[in-house]
Structures are given as C-alpha cells and as structure tokens.
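**Student:** model the following, please.
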Amino acid sequence: MFTRSALSSAVTIAMALGSFPLYVQAQQSAPEPSATENVEEIVVSGIRESLTKALEIKKESIQIVDSVVAEDIGKFPDNNLVESLQRVTGIQTTNRGSGEVAGITVRGLPDVETTINGREIFTGIGRTLALQDIPANLLSRVDVFKTRSANQIEGGMAGSIDVKTPRPFDFEGSKVSLAARGVYQTSSEKYDPTLSALFSDQWDTDYGRVGALLNLSKTTTHYRDQSASVGALFPIFTQTFTDSNGTTYNIGDAIPTTDANKNSVWIPGTEGGLPDQAGSTLTMNGQSIGYTLQRDAMFLSDFQGTRERPAANLSLQWAPNDSSEYVFETFYTGYRNTSENRLLFTFINGNSKFQNSELYPDTNVVHKVYVNNPTGFTSGDGTEGQTDSIMYALGGKWDITDDFKLKADLNYQSSNYQSKFVANQWNFSRYQAIADYNYHNNNTIMLAFLDNPATSFDESDMTQLGNATFGNFYDNFDKQHGSGTTLTIDGEYDANWGIITKTRFGLRADEHKAYTRHREQFASGCSAAGALCDINNFADVIDISKSGFFDGYGYVPSQWFSAKGTELLDNTETYRSLFGVASGGGAWMDTAAFDVKEVNTALYGEFDFETELGGKKVDGNVGVRAVSIKNESQFYSGVAESRDNEVLPSFGVRYWFEDDLVARFNYGETLRRPAFGDLNPAILYAEPNTTAFGSASSGNPNLGSTKSKNYDLGLEWYFAKSSSLYGVLFERDITGFVWTTSKQISGPTPNVTYVYSSPENSSDGWLKGAEFGLVYFPDNLPSYLDGFGGQFSYTLLDSNQTIPVFDATGTQTGTQDTSLFGVSKSSYSAVLAYEKHDFSARLSYVWREKFLQRHDGTQFASPLQIYSAPEESLDLQLSYNITDDWAITLDATNLTNYRFRTYYHSITNNNPDYLMNYGTSLLSKTWALGTRISF
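**Tutor:** Next comes the predicted model:
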C-alpha cells in the first residue's frame, strides 16, 4: 500500500515536468465519438477482438478507463449490464437477488455517475440510473472512468459509467440483427424469453446523408428467492432481579434499556454492541447483573415474482455536409414487477423454556434455545412496481474551421415510478419450538415447531391454520417523478501553441426536478363482526407456500400457510373494508412529501499538452471545472433553499517509456450530492415511554456535497496486440460524509426534552488500494492450444470512516473508526477464453472478500453492523457460428450454487462470524439457450 505523502510526492514530480502535452482521444470523456470510431467498435466480432478494442481504448485515454465492448451486434456478453461489469478490474457487484445482480461499486464506492452517450441519466427521484434496467443487448459499449477530467460531469465519487448505444452511421450500410434467448431459472423452475431486434439503414440524398436506427428489447424474468434469518441480539437476565420500584424480572426476560430511575442500562444501535465474553455484566439500579445475548426472532422468506423490462432506442442522424452532423435520439426503459412474499416470523424471546439454552463456548451468546408456547405470524405480501423512463435528445456538431470544432446538445428526460404494497399478517401459536442459530455449525439455521415432544419428536404441520387469526394489515402506495432538462455546449480548438496542442471549454446547464408522494394505512386486526373475521371464510386468500423450502439447507419447515399476496393486490378494496381502513388508500402523508428543483451550472476549461522529458514523450491534460448548485425544495414544513459552489481542478499526465510501456498519474476532485429525501426538514416526534427523553428525527435541507480528492498512479505494458499487464495505486480523501447526529431539543409537549437525530456532513474518511490486471492471448501456440487466452484482475482495498458517537441523551461522547460500506479488502476475477474458427467459449469466476453491507435498525440492533460473507460466481458462455450471419449460444450463471450469507459484526469484539449469524439466501442458477441472426 502507499501513503498520502507518497502521492503528494508524485504530484510534485509531475508538476516539476514544466508543461504538459496531450494527445487525447474522443474516448477520454463521455462526449459522443466520431462516426469512424463507432464503425471500429461495432464491427468487433468475438471475445479476443472485444478485449483488444477495450485495451486500445484504455491505452489511448488520458483518464484511467476500463471498457466492455460488445462482441457482436445484439450480443453483450451477459444476462444484464451489471453482470458484464463484474469482470472489470476494480468493480464489485452487490445486491444479488430476484434473479439478477442489481448493483455495483467501483473500487468499493457505490455512488457512480451514469450517462447514456455522454448524457446524464437517472431513475425515479434518484441521481443515477438503475443499470439493471438497461437490457444488455441494446448496448455497443460501456466505459468505466475511474478518474475524471474537467469536461466530465462532476458527480459520483466512485467514478463514471458511460453507456454507449449504436447509431446508424456506425455501420457502412443497412444492418438487421434479431436475437432470442430462453433463460431457465432453477429456483423458479420457469423458462423466460429475452427478445431483441435492431434495424438500421442510411441513405445519400440531395440534402446529405441520412440514417435511422431502431433498437428494441424485452426481457421477462420469473424469480424465486429463499432466505432464512435470525433477528438482532439483545441481553436477557440470567437470574431473577427486582428493581427499586418492586418490578421483578425473571430468568430469560429482556433487560430494559433504562432502569427504574430512568438511567441507561445499555444502548441499542451501537457499532460495537455489548461485550460477548462469558461472565460479562451490566449495571442496573447500581447493581451488577449477568446476562446472555439472545435473539428476538427467526424468519423464513419465500419471495417470488415476475419482472418485465421493455426498452427501446431510436437514433436519427443527418450529415448535410462534411463539416456538420445532427442527431436526434430517444431512449426508453421500462420496469414492471409483481411479487409475493410468504413470510414465517416466529418470536423466540420468551422466558418460558422447556430446556436450558445452549451457549457458544466461552461466550455469553446463545447458540440454541428451546421455547414453550412460541407465537408468531405468517405474512402474505403483495407488491406491484412500475417504472417508465424516457430521454429525448437533439445534438449537433460543426467544424467551424479546420482548427475549431463546436458541439451542442439539448436533452429532456422524465422518469416515473409507482409502487403498491399490501400485506396481511396471520397470528399463530404452537406448543413448543426449537431454534438453532447455527445448525451443525454450517452457518445456517434450525427451526422446528413441535406438537408434543414429551412423547415423540412430532413436528407441527405449518400448513394447517389451527388457531390462526387475522393480524396486522398494511396498505401502502408510493409515486415518484423525476425530470431533467440539460443544455451542453462544448468547444475544441487545435491550438498548437508550443507544448499546448489543444484547448477545450464548455458550459453545462441542468435543471433537475423531483417529487414524491406516499400514503400508508395500518390496522391491527379485523374490524368486522363475528364470522366475517374467521380466516376460514376467505378461501381465496388462503395460500400454502411451495413445498421443499430452502432446498434441504438447514432444518426448517418445508411449507406454511399465509395470505395470498396477489389476492390482496387484486381485491384490495375488499380487505380495506374488512380491516376498517379508508377506501381508495387514504390521504397522502404530508410529512413524507417533497418537491425539489435543483439547478446545476458548470463551466470548464482545459488544455492538452505534449512535450519530451529525457527523450521520451510526455503528454497529458490540465483543467478546472467550476460548479454552482442551487437547490429549492418545497416540504410539508415550508420552503428550503441551499447553494453549493465548488471549483474542481483536474490533472493527468502520461510518460511514455516506450510505445508499449506507459506510466500515468491523475489527480481530480469529485462530488456526491445528498439524496433528495435527506433534505426533508419535517420533524417527526415520539413521546417518552420508559426513557427520560422523547425522540425526534428529520432530514436536513442544509446538507452539502461530500467531496473527494482523488489520486491515481498507474503503469501499463502492452506487450502484444491483444495482451496487456497493468497496475494502479489509488487513494480517495473524502470529507463531509453524511452521518446521523443527535442533540437535545424542545418539542410540542411542554417540559419534555427530545433527543433529535438528523443527517449532517459530520464524517470524514479515506479509501486507498491497488488494482492489477492482465489480458493475455499468447501467439505461436501449438495447434491444439491455439485460441486460448485469459483476462485476470485483482483489487486490494483499505478504508476508514471516522463517525461521531452519541449516548442515549443525545450527547456526543467521541468518535469511532469503521470501514466504509461495500468495501471488500480483496477481490479478483479470472476469465479463461477460447476462440477458434466458428466456436468460442468463456469461463469466468469472480470472488470478493467479506464487506460491511448495511446497518440494522438503530432502535434495537446490538451490534448494528451487518456484514456479507465472501461472495462468488462462476459463469459459462458458449457460442457457435453456424454461418457468417447465424449463431447459437449457451450460457450459464452461478454454476457453484453460491449461497449468500450475512452476519452481525462488532467492531469491538473479536469473535468469528458464525457467532452472530444473521441469515442465508439461496440464489438461482440460470441456463440460457439463444440464437442470433445479423445481416
């Protein structure tokens, strides 16, 4: 690893070079490439040529960039865009589930600027695009920029991902491509179609060259996720205890957070949690009490659904002469999802045991518990979601003179999202239950309900309603709308002023609007009379989950009863009446609503340079970007305004030891803007219960940007046309992370003090690491090995974030160091490729080390952190060209049947991860057979 001083020295050395040069290709930034460059990328055919083109892009860019290039029209190499990116050096995938991989981090950071053909694009009220919404077969190339120049949009500390779609002038004439795939999901046992079609042509007319392209796609996925989890840890009494008020607590009772005098006993929601060594104690009413750490619940989830993603891209180009060109484009993505969750939730924190709990050796952590009269509920959840996002763009570029070029682009985008959620819990009780949080020490669980274990191990049939009754009813609806209008103007001048070879300047003016509305209704039980509240009288809503739950992993019920989610969705009004909530869904919640307008104006200037040092070529780029951001927000509590002005310098330099050996250094500054929802100042109050303070929370309209200073130092060796070895050292110094802070305030109730929590730019941190990559296709191999090659990458990361720590009174007691979310200390990918004549194959394996995934609920979890165990994926892709125009493909994913596992992690207790096992999820394996015709 390396230090900040080492990077500072690198900056000093680079600046000492005097002046710098540039020969920079159009690929360096997200602006649209020329028609000639597009022809090169579109005619790429095969694995080797795809990787060769990606290396050319990397070599010729001043920025550090990695690319994925389509092997052929309509054939991006994976099921979706995110899967393709997981093999890029420094990229790690996240959010596996629902039949896909849904998220990425770049060098451990999740906030990535997303663009389509250089234009910023987003989904809903977010600031970035949901990359999984873009079908892979609509794409020609994806560029991942890990450093930034002044002419690129400043958002996204992690980097920038530019998605490129084909245009009609990319081809030398007409082009038609038709593709179809059938994907089999082993978890859902369904076959799903993926269809795409591209039609492109161009014509020479009296008014110049005209081209038109239409690209269509539709993907359908039936998915099933199965998970088994245990709840948060909390302390329970190990002996009978009577407090100063005369309240008696029995063995197995939960230890309250405050004692009879309202003094704090323990604080939930901390990073470290409670000590888990055997013999640990707490202080209550001045007395030392022993405790063990128990779990509050176990829950099993059988989550199934159907998702559709339609997409379309229309591109029209017109070149009236050799010095001007115009393009009109529209890009549409859609999302349709209907899902059902069948949940079995069991409370296991009662004090009535039929056998003593078992502990892990030398700890106070419960391993196995035996519960009398356990209670719980099943829940049938139905969800419908829909997104429609569309962008319209009109652009032009002109050669004003031989040396001066001008570009302009005007685009408008709109993204609408809505979601409906209806759920009903059915309460049940059983005779006894056995719960094992780490069954057979295999990081999975055991949950068995017993009818009469005194005579025999007679398991209760959870498909029988028995004494089940209607429980809680939930009825929620959300709608979101985001829109944006953007004008960009970019100029480029071939200066040839000594070592300065080229200058660029530009303007970007963007107006981004977002609003959201939310409503929710809740009932604690059926409000009708008599038999109308008997579940058995509602046959249409009674559902039994699919048998064989969890595929034999762990020891859990095979199936269980619950409400049917789709019935709740289809006949919501019937159940609203039954539970006595408002028809039509009730009123909008004013406190959750916001209407935001953000205006971002940016100016940039930069120059490219080229000179010599020690007889070797040195070239690069120096620039600065000035950004002014004005936010006007309308909330329930009124109007809030904020401004943020930033000046962001950038610098990149390359030193060419040889034509095939180059070193590069880059420095730049980037921003992360706060989420719109975090700006909501509406305060929600909760009155005191057992504590001396009430609680209150809100967003913060004065949140500023999180800022990162970025250093990169790399060395690349291109030792053959299709081969390269490269490495990069990098560091990110980050200030102003958004973190929740607390303080005491007055509120609506006289003489009550509230502990008020809100987000602040109250945390700083850093990320540093190294990444290495190798692409190798050896030449002159024996005939039986000819065609083999590989792509390999390895990434090392280290991170730290200093966070404020508060006690139960809202007083800051200090700071604590922790890892950044989503950062694995190491990860790697290995791809073995073979390509000869008409056959090609790719076997790829990706792996990442454990990482901090998320925080659990601050009101109850102790410790707070949930870690993901190491993740892996083994995928296979085969292709055979029957003719020059017709190919068939066979693909498979998750060949190792990887199981996703999570666990609670304490930053103060040094114990193995199985001690605080949280949950295990089964991920689907997929097989896909496809065909593609191009002519």
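**Student:** my read: residue 494 touches residue 500, true?
**Tutor:** No. Counting by CB atoms under 8 Å, residue 494 stays clear of residue 500, with 10.2 Å between them. Placement of C-beta: from N, CA and C, glycine included.
**Student:** okay, the two: which has more neighbours?
**Tutor:** The residue with more neighbours, out of residue 494 and residue 500, is residue 500; 18 against 14, by other CB atoms under 10 Å.
**Student:** any idea how far the more buried one lies from residue 399?
**Tutor:** Going from residue 500 to residue 399 by CB to CB, to the nearest Å gives 21 Å.
**Student:** ranges for the helices of this structure?
**Tutor:** 4-15, 35-42, 47-60, 81-85, 565-570, 572-579 (DSSP state H).
**Student:** by contact count, what packs against the third one?
**Tutor:** Think helix 47-60. Judged by 3 or more CB pairs under 8 Å, 6 or more residues apart in numbering; DSSP states H and E, helix 47-60 is in contact with strand 65-69, strand 706-720, strand 723-746, strand 788-806, strand 826-836.
**Student:** neighbours of the closest residue to residue 264 other than its chain neighbours, how many?
**Tutor:** Among residues not flanking residue 264 along the chain, residue 808 sits closest, at 4.6 Å (CB to CB, 6 or more residues apart in numbering). By other CB under 10 Å, 20 other residues sit near residue 808.
**Student:** go ahead and confirm residue 808 touches residue 265.
**Tutor:** No. Using CB under 8 Å, residue 808 is not in contact with residue 265, being 9.6 Å away.
**Student:** who touches both of the two?
**Tutor:** Residues touching both residue 808 and residue 265 (CB atoms under 8 Å, 6 or more residues apart in numbering) are 257-258.
**Student:** residues contacting the residue positioned nearest the centre of the chain?
**Tutor:** Note on the chain: the residue nearest the mean C-alpha position is residue 103, at 3.3 Å, using CA atoms, centre = their mean. By CB under 8 Å, 6+ apart, the contact set of residue 103 is 82, 93-95, 110, 131-132.
**Student:** measure it to residue 898 for me?
**Tutor:** Counting by CB to CB, the gap from residue 103 to residue 898 is 17 Å.
**Student:** swap in residue 315?
**Tutor:** Remark: distance between residue 315 and residue 898 (CB to CB) = 39 Å.
**Student:** can you pull out the strands in the stretch 101-250 of the chain?
**Tutor:** Ranges of strands in the stretch 101-250 of the chain, per DSSP state E, counting those that start in this stretch, are 112-116, 119-120, 141-145, 159-164, 175-185, 190-205, 208-230, 233-237, 241-242, 248-249.
**Student:** sheet-wise, list the partners of the last one with their directions.
**Tutor:** The one in question is strand 248-249. Sheet pairing here is set by DSSP bridges, and for strand 248-249 it gives strand 241-242 (antiparallel).
**Student:** equivalent analysis for the fourth one, please.
**Tutor:** The strands that strand 159-164 pairs with in its sheet are strand 112-116 (parallel), strand 141-145 (antiparallel) (by DSSP bridges).
**Student:** chain center to stretch 119-138, what's the gap?
**Tutor:** Centroid separation between stretch 119-138 and its chain, computed with CA atoms, centre = their mean, to the nearest Å, is 12 Å.
**Student:** any idea of the mean pLDDT for that stretch?
**Tutor:** Averaging pLDDT along stretch 119-138 yields 85.
**Student:** in that stretch, what counts as buried?
**Tutor:** 119-138 (16 or more other CB atoms under 10 Å).
**Student:** so what's the closest residue to residue 699 other than its chain neighbours up against?
**Tutor:** Closest residue to residue 699 apart from its sequence neighbours, by CB to CB, 6+ apart: residue 680 at 3.8 Å. Residues in contact with residue 680, defined by CB under 8 Å, 6+ apart, are 591-592, 594, 633, 635-636, 698-699, 701.
**Student:** what's the closest of those residues to residue 667?
**Tutor:** Ranked by distance to residue 667 (CB to CB), the contacts of residue 680 are led by residue 701 at 32.3 Å.
**Student:** name the nearest residue to the closest one, sequence neighbours excluded.
**Tutor:** In space, and not counting its chain neighbours, residue 701 is closest to residue 640: 3.3 Å by CB to CB, 6+ apart.
**Student:** with residue 764 instead?
**Tutor:** Closest to residue 764 by CB to CB, 6+ apart is residue 735, at 5.0 Å.
**Student:** look at residue 560 and say how many residues are nearby.
**Tutor:** 23.
**Student:** for the closest residue in space to it that isn't next to it in sequence, give its distance to residue 376.
**Tutor:** What sits nearest to residue 560 in space, not counting adjacent residues and going by CB to CB, 6+ apart, is residue 462, at 3.9 Å. As judged by CB to CB, residue 462 and residue 376 stand 10 Å apart.
**Student:** overlap in contacts of those two?
**Tutor:** With CB under 8 Å, 6+ apart as the test, residue 462 and residue 376 both reach residue 344.
**Student:** that older thread, any quick PyMOL command for the buried ones out of the contacts of residue 103?
**Tutor:** With 16+ other CB under 10 Å as the criterion, this PyMOL line picks the buried residues out of the contacts of residue 103:
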select buried, resi 82+93+94+110+131+132
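**Student:** redo the contacts of residue 103 as TSV? Include distance to residue 439.
**Tutor:** Below are the contacts of residue 103 laid out as TSV (distance: CB to CB, whole Å):
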residue	distance to residue 439
82	33
93	28
94	27
95	26
110	33
131	37
132	33
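**Student:** and the contacts of residue 103, which two are furthest apart?
**Tutor:** Using CB to CB, those span at most 13.9 Å, a distance reached by 110 and 132.
**Student:** residues near residue 522, how many?
**Tutor:** By the criterion of other CB under 10 Å, residue 522 has 12 neighbours.
**Student:** any idea how far residue 519 is from the residue lying closest to it once chain neighbours are set aside?
**Tutor:** Nearest non-adjacent residue to residue 522, counting by CB to CB, 6+ apart: residue 474, 6.0 Å away. Plainly put, residue 474 is 12 Å away from residue 519 if you go by CB to CB.
**Student:** before we move on, what about residue 835?
**Tutor:** Counting by CB to CB, the gap from residue 835 to residue 519 is 55 Å.
**Student:** which one's more surrounded, the two?
**Tutor:** Using other CB under 10 Å as the criterion, residue 835 and residue 519 rank with residue 835 on top: 21 against 18.
**Student:** that concludes my questions; thank you for your assistance.
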